[in-house]
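1. coords below, sequence missing:
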């Protein structure tokens, strides 16, 4: 495995007035920056990579982060959650339960 | 696992004259479109997702595609390779050997 953990952070931006929200509008870019900074601070750049990504289709729950190869989906992630995810999950191996996606179903309309 | 296979296709675009090449300049966007079309054609949209991604750091070998959760890295992917990857790997379970990344080391400068 090239990276012990490979994170994809949605930074998709929809036009103003689009029917679905977007992770860029909810702070996805700041979340990615927070991961980059925290991974550098912990010396993990070679083992863990934080990538921007297009739409991960949980738009209403964003910002969305998926971690591979384990396939952990986080939703509603804020920059202030990042240190906890790095410490508890990426170093300690225990996902942060309060941020896990509980449903992948589209919202009722 | 939310998706049986989750593909991330680099669409990173660097400015003209940047020292490293970029996957957008090498056709990454067309590769992603080819995956979207082929997955739809095969009725695989619910099981396999093709996402755009930022820089995957194999710029000199692009366009780059990484497939999770298996962690398969493809390089030099062209739209005409996509049907083979879908058929042989994503359906058949056997990665396409001739497109696998052989090195993750940065190029000599």
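-> In hand now; what should we look at? Worth saying up front: this structure is predicted, and the values here are computed from it rather than measured.

2. Residues contacting the lengthiest helix in chain A, please?
-> Secondary structure of chain A per DSSP state H: the longest helix is helix A:28-41. Helix A:28-41 has contacts (C-beta atoms under 8 Å, 6 or more residues apart in numbering or on different chains) with A:7, A:9-12, A:22, A:45, A:48, A:50, A:52, A:62-65, A:77-79, A:82-83, A:85-86. Glycine gets a C-beta too; all of them are placed from N, C-alpha and C.

3. run the last query once more with 7 Å
-> Helix A:28-41 is contacted by residues A:7, A:9-11, A:45, A:48, A:50, A:52, A:62-63, A:65, A:77-79, A:82-83, A:86 when judged by C-beta atoms under 7 Å, 6 or more residues apart in numbering or on different chains.

4. how many other residues sit next to the closest residue to residue A:85 other than its chain neighbours?
-> Excluding the flanking residues, the one nearest residue A:85 by C-beta to C-beta, 6 or more residues apart in numbering or on different chains is residue A:96, at 5.4 Å. Around residue A:96 sit 17 other residues, with neighbours defined as other C-beta atoms under 10 Å in any protein chain shown.

5. so where's chain A uncertain?
-> Applying pLDDT under 70 to chain A flags residues A:109.

6. picking up where we left off before, in terms of contact, does the residue nearest to residue A:85 touch residue A:83 like I think?
-> No - using C-beta atoms under 7 Å, residue A:96 makes no contact with residue A:83, being 10.6 Å away.

7. Separate out the buried members of the contacts of helix A:28-41.
-> Listed as buried from the contacts of helix A:28-41 are A:7, A:9-11, A:48, A:50, A:52, A:62-63, A:65, A:77, A:79, A:82, A:86; burial here means 16 or more other C-beta atoms under 10 Å in any protein chain shown.

8. so which of those also contact chain B?
-> residue A:52 (C-beta under 7 Å from any C-beta of the partner chain).

9. and the buried ones among the contacts of helix A:28-41, which two are the farthest apart?
-> A:48 and A:62 (21.3 Å; C-beta to C-beta).

10. contacting residues for residue A:107?
-> Shown in contact with residue A:107 (C-beta under 7 Å, 6+ apart): residue A:60.
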